[in-house]
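Engineer: Provided below are the primary sequence and the corresponding predicted coordinates.
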Amino acid sequence: MNVLAFDTSSDVLSIAIESDKKYYNLTYTIGRNFSEQLVNQLKSSLESVNLSFKDLDLIVCSKGPGSFTGLRVGMAAAKGIAVASSKPFISLSSMEIYQYPLSETNQVILSVLDGKKERYYNALFINGKRLSEDSDLTIGQIVDFLVNYKEVVVTGYDAQQAFKKLCDEVTSRNLNIKLLLDPTHMGSYGQSMIELGKNLFLEQGGDPLGVGPTYVRKSDAELSLEKANNN
């Protein structure tokens, strides 16, 4: 099975390809340049393992939460490739992608992604099962959820910065919560995307083309429009 997977939910672009004979992975900081670089990067990555879009059996992408622009560009690319190649695509929660390498550790896992404006996209898991839905919270609000757990592992591309803030909040409130930083949080999530994508595809089939990104926060444009309408 030839699978192309990519995550565009943060400033880090992650691309993974799995075929019967080869595995390819690329992870690097792209900033907000997805619209200019994504399709070319996907094409060149496939060429490096002697594949083209028409050779794919499944396309996997992240659906968020995360960067509004990155998610829009990523899902548009996934749908375009799926239509052009007449192959299915499946979209994954970025929070589920980040927790997957730790899904068999029997520990409470907090997936985090910097949502800017002093807020973090986040979700809690244990043994790969959700303890909470994807949400958009301040550090203080996240800690409010953590008070029911004695030990929590923090993971995701932005885990390190969130970890320090969470520790400061726990200390200032004198709470009995042990926080651990996932030592592999800056590694590749390529294999996670591929395994999650294949498993979900076997369970439910491909996503409908009408599916869109997961936004747990209104965009700046939406907020500006609401403000204008209320004035």
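Structural biologist: Received it, and whenever you're ready, just let me know what you need.
Engineer: going forward, measure contacts and count neighbours with C-alpha atoms only.
Structural biologist: Will do.
Engineer: middle-most residue in the chain, spatially?
Structural biologist: Nearest to the mean C-alpha position of the chain, by CA atoms, centre = their mean, lies residue 94 at 1.9 Å.
Engineer: Skipping its backbone neighbours, what lies nearest it in space?
Structural biologist: residue 64 (5.1 Å; CA to CA, 6 or more residues apart in numbering).
Engineer: Quick one: the helices in this protein, in order.
Structural biologist: 34-48, 68-85, 94-99, 139-146, 159-172, 190-204, 220-230 (DSSP state H).
Engineer: which one of those helices has the lowest average pLDDT?
Structural biologist: When the helices of the chain are ranked by mean pLDDT, helix 220-230 comes last with a mean of 53.
Engineer: before we move on, back to that, Serialize the helices of the chain to a markdown table and add fields for distance to residue 60.
Structural biologist: Below are the helices of the chain laid out as a markdown table (distance: least, CA to CA, whole Å):
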| stretch | distance to residue 60 |
| --- | --- |
| helix 34-48 | 12 |
| helix 68-85 | 7 |
| helix 94-99 | 11 |
| helix 139-146 | 29 |
| helix 159-172 | 23 |
| helix 190-204 | 6 |
| helix 220-230 | 28 |
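Engineer: looking at those helices, which is buried most?
Structural biologist: Mean neighbour count, computed with mean count of other CA atoms under 10 Å, is highest for helix 94-99 among the helices of the chain, reaching a mean of 27.
Engineer: Would you mind writing the CA trace of that helix as PDB?
Structural biologist: Output in PDB follows, covering the C-alpha atoms of helix 94-99 (Å, rounded to 0.1, in the frame of the first residue of the first chain):
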ATOM      1  CA  SER A  94      -3.200  16.900  15.100                       C
ATOM      2  CA  MET A  95      -3.700  16.200  18.800                       C
ATOM      3  CA  GLU A  96      -4.100  12.500  18.100                       C
ATOM      4  CA  ILE A  97      -1.100  12.400  15.900                       C
ATOM      5  CA  TYR A  98       1.100  13.800  18.600                       C
ATOM      6  CA  GLN A  99       0.000  11.400  21.300                       C
END
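Engineer: Just the residues contacting it, thanks.
Structural biologist: Identification of contacts with helix 94-99 by CA atoms under 8 Å, 6 or more residues apart in numbering yields 7, 9, 62-66, 109-112, 122-123, 125, 128, 134, 155-157, 185, 189, 192-193, 196.
Engineer: at 6 Å instead, please
Structural biologist: 62, 64, 111, 156, 192 (CA atoms under 6 Å, 6 or more residues apart in numbering).
Engineer: circling back: now do the residue nearest to the centre of the chain against residue 157, distance only.
Structural biologist: Applying CA to CA, to the nearest Å, the value for residue 94 to residue 157 is 10 Å.
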